[in-house]
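Undergrad: predicted model and sequence below, questions to follow.
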Amino acid sequence: MEPTPLIDIKASAHGQQPEASVLVIYTGGTVGMAYNKRGELAPMRFDQIRKKMPELRQLNMRISVLSLPEPIDSSNATPQNWLQIAALVAEHYARYDGFVVLHGTDTMAYSAAALSYLLENLGKPVVFTGAQVPLGRIRTDARRNLVTALEIAAARHPRAGTVRVPEVCLFFSDVLIRGTRAKKVESQHFNAFKSENYPPLARAGIELEYHDHLMRLLPGAPLRAHHQLDDRVVVLKLFPGITERVLRTVLELDDLRGCVLETYGSGNAPTAPWFLQALREARERGIQLLNVSQCEEGRVIQGQYETSASFAELGIIGGEDITTEAAITKLMFVLGLGRDAVTTARLLGQDLRGEISLGQPVAPGIRF
């Protein structure tokens with residue numbers, strides 16, 4: 001289904017020439033809802049957003065809104081939705097200075113990570129944001145999140161005049177987080193997202209404080225939007241008492257191509273012969289295994305303890321300090337490239353979009 005027609009909700013402030021143009025892509029979620037006359041939460045009509053958000057009058061920018069034909073609860077988000085959003089950014093890339101994606105909070109971190117991989121050589125901001133409380137409530141966080149996300153999407157260096165945030169990111173409460181580093185950690189408070197292993201790209205206080213040295217460099221090649229993800233993947237979280245039957249039921253799924261293995265501490269797992277044999281057989285069937293720590297902070301260091309010493313010999317890839325959200329979307333992306341097993345494993349172990357802190361980053365101009 002095609003998205004709804006573009007709606008221009010704001011041209012400029014007080015008739016001035018707009019300093020920037022931003023496209024808002026509404027996918028669904030609490031941020032795009034308001035109370036109707038019957039007191040029910042319903043999707044908001046964005047052509048009337050100016051009445052609900054007078055703050056927009058102070059922004060000197062052209063703002064357009066594009067809505068998915070059927071807004072989705074983020075719990076229903078799929079890889080096809082990620083591909084659709086990436087295609088919309090690519091289609092309108094030349095016409096806008098930045099993009100804001102309004103999204104439900106439950107799977108926003110997955111979507112931001114997926115878009116980070118799909119939009120290769122991105123040179124403009126794509127800012128995900130949402131809300132914990134609907135726009136119609138008095139104590140809503142929707143207004144502040146949306147206004148700040150718009151400012152970030154339009155931001156340029158005050159001296160150089162170049163794009164300030166040339167990457168996919170997520171703004172919520174008062175922090176701007178890299179798209180491949182975000183994790184939802186709170187369901188009842190406004191500070192819903194954190195980045196445990198990488199500092200925020202910016203903080204919003206009285207002023208927006210950008211940490212320019214943490215941003216990815218501007219690319220040296222045109223944007224390339226990928227259009228393929230492989231969803232034949234699974235996340236397997238280890239727990240004390242996991243049985244051989246459970247492990248094999250997961251790893252022997254028909255047509256499985258990749259597994260994110262959530263291990264203990266710095267990448268440790270049982271050393272029982274049946275456990276290692278099941279992993280060995282999975283690798284022999286061509287299944288890529290990506291080792292990710294269950295800890296929110298720290299990293300995987302395979303071989304530091306006896307309980308992970310055999311992983312390298314088995315061909316299991318250490319995920320460094322990657323989050324599970326970034327790991328599963330990276331697995332879908334890299335497998336979707338259709339490369340040979342050696343290249344696939346190499347790419348899974350590399351830093352592609354700032355998702356891990358160690359390893360040699362891929363240069364912005366390299367194409368897959």
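TA: It's in.

Undergrad: only C-alpha atoms for contact and neighbour calcs from this point on.
TA: Noted.

Undergrad: wait, doesn't Thr323 sit right on Lys183?
TA: Yes. When contacts are counted by CA atoms under 8 Å, Thr323 is listed as touching Lys183 (7.5 Å).

Undergrad: compare these two (neighbour count), which wins?
TA: Shown here are Thr323 and Lys183; by other CA atoms under 10 Å, Thr323 has more neighbours (29 against 25).

Undergrad: wait, what's in contact with the nearest residue to that one once chain neighbours are set aside?
TA: Distance criterion CA to CA, 6 or more residues apart in numbering; nearest residue to Thr323, sequence neighbours excluded, is Arg181 at 6.6 Å. Listed by CA atoms under 8 Å, 6 or more residues apart in numbering, the contact set of Arg181 reads Ala113, Ser195, Glu196, Asn197, Tyr198, Ile322, Thr323, Ala326, Gly354, Glu355.

Undergrad: excluding chain neighbours, what is closest to Ala341?
TA: Excluding the flanking residues, the one nearest Ala341 by CA to CA, 6+ apart is Gly286, at 7.5 Å.

Undergrad: so that neighbour, which state does it fall into?
TA: Taken by DSSP: H, G, I helix; E, B strand; the rest coil, the conformation at Gly286 corresponds to coil.

Undergrad: surely it touches Arg257?
TA: Yes. Assessed by CA under 8 Å, Gly286 is found in contact with Arg257 at 7.0 Å.

Undergrad: ok, these two, which is more surrounded?
TA: More crowded of Gly286 and Arg257, by other CA under 10 Å: Arg257, with 22 against 12.

Undergrad: neighbours around the closest residue to that one other than its chain neighbours, how many?
TA: Using CA to CA, 6+ apart and skipping the chain neighbours, the partner closest in space to Arg257 is Ile287 (4.7 Å). Ile287 has 21 neighbours, counted by other CA under 10 Å.

Undergrad: show me where the stretch 151-300 of the chain has helices.
TA: 244-251, 273-284 (DSSP state H, counting those that start in this stretch).

Undergrad: distance to Leu88 added to the ones you listed, as JSON lines?
TA: What follows is these, written out as JSON lines (distance: least, CA to CA, whole Å):
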{"stretch": "helix 244-251", "distance to Leu88": "35"}
{"stretch": "helix 273-284", "distance to Leu88": "37"}
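
Undergrad: let me have these in JSON lines, adding mean pLDDT as columns.
TA: JSON lines is the format used below for the helices of the stretch 151-300 of the chain (pLDDT from 0 to 100):
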{"stretch": "helix 244-251", "mean pLDDT": "97"}
{"stretch": "helix 273-284", "mean pLDDT": "96"}
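
Undergrad: I'd like those as TSV, with distance to Ala149 and mean neighbour count appended.
TA: Converted to TSV, the helices of the stretch 151-300 of the chain look like this (distance: least, CA to CA, whole Å; neighbours: other CA atoms under 10 Å):
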stretch	distance to Ala149	mean neighbour count
helix 244-251	40	14
helix 273-284	43	16
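
Undergrad: closest one to His157 among those?
TA: helix 273-284 (47.4 Å; CA to CA).

Undergrad: roughly how far is that closest one from the heart of the chain?
TA: Relative to the centre of its chain, helix 273-284 is centred 31 Å away, using CA atoms, centre = their mean, to the nearest Å.

Undergrad: so what does that helix touch, helix or strand wise?
TA: helix 244-251, helix 311-314 (3 or more CA pairs under 8 Å, 6 or more residues apart in numbering; DSSP states H and E).

Undergrad: contacts for that helix?
TA: Here helix 273-284 makes contact (CA under 8 Å, 6+ apart) with Glu244, Leu247, Arg248, Leu251, Glu252, Leu289, Leu314, Gly315.

Undergrad: can you pull the contacts of the third one?
TA: So that's Arg248. Counting by CA under 8 Å, 6+ apart, Arg248 touches Ala278.

Undergrad: look up how far Ser64 lies from it.
TA: 50 Å (CA to CA, to the nearest Å).

Undergrad: how about the second one?
TA: Using CA to CA, we find Leu247 at a distance of 49 Å from Ser64.

Undergrad: next: the fourth one.
TA: When distance is defined by CA to CA, Leu251 is 46 Å away from Ser64.

Undergrad: what is the neighbour count of Ala77?
TA: Around Ala77 there are 19 other residues, counting by other CA under 10 Å.

Undergrad: residues of stretch 80-98 that come out buried?
TA: Along stretch 80-98, these residues count as buried under the neighbour rule (16 or more other CA atoms under 10 Å): 81-83, 85-90, 93, 96-98.

Undergrad: and the residue positioned nearest the centre of the chain, which of the three is it?
TA: Residue closest to the mean C-alpha point of the chain, counted by CA atoms, centre = their mean, is Ala112 at 1.7 Å. Secondary structure assignment for Ala112 (three-state DSSP): helix.

Undergrad: the one 10 residues further on now?
TA: Per three-state DSSP, the secondary structure class of Leu122 is coil.

Undergrad: now do the contacts for the residue lying closest to Ala114 once chain neighbours are set aside.
TA: Leaving out its chain neighbours, the residue that sits closest to Ala114 by CA to CA, 6+ apart is Thr329, at 5.3 Å. Contact analysis of Thr329 by CA under 8 Å, 6+ apart lists Tyr110, Ala113, Ala114, Tyr117.

Undergrad: check the gap between Thr329 and Val168 for me.
TA: If you go by CA to CA, the gap between Thr329 and Val168 works out to 14 Å.

Undergrad: identify the contacts common to the two.
TA: Residues touching both Thr329 and Val168 (CA under 8 Å, 6+ apart) are Ala113.

Undergrad: wait, a helix at Val22?
TA: No. Val22: not assigned to a helix; according to three-state DSSP it is strand.
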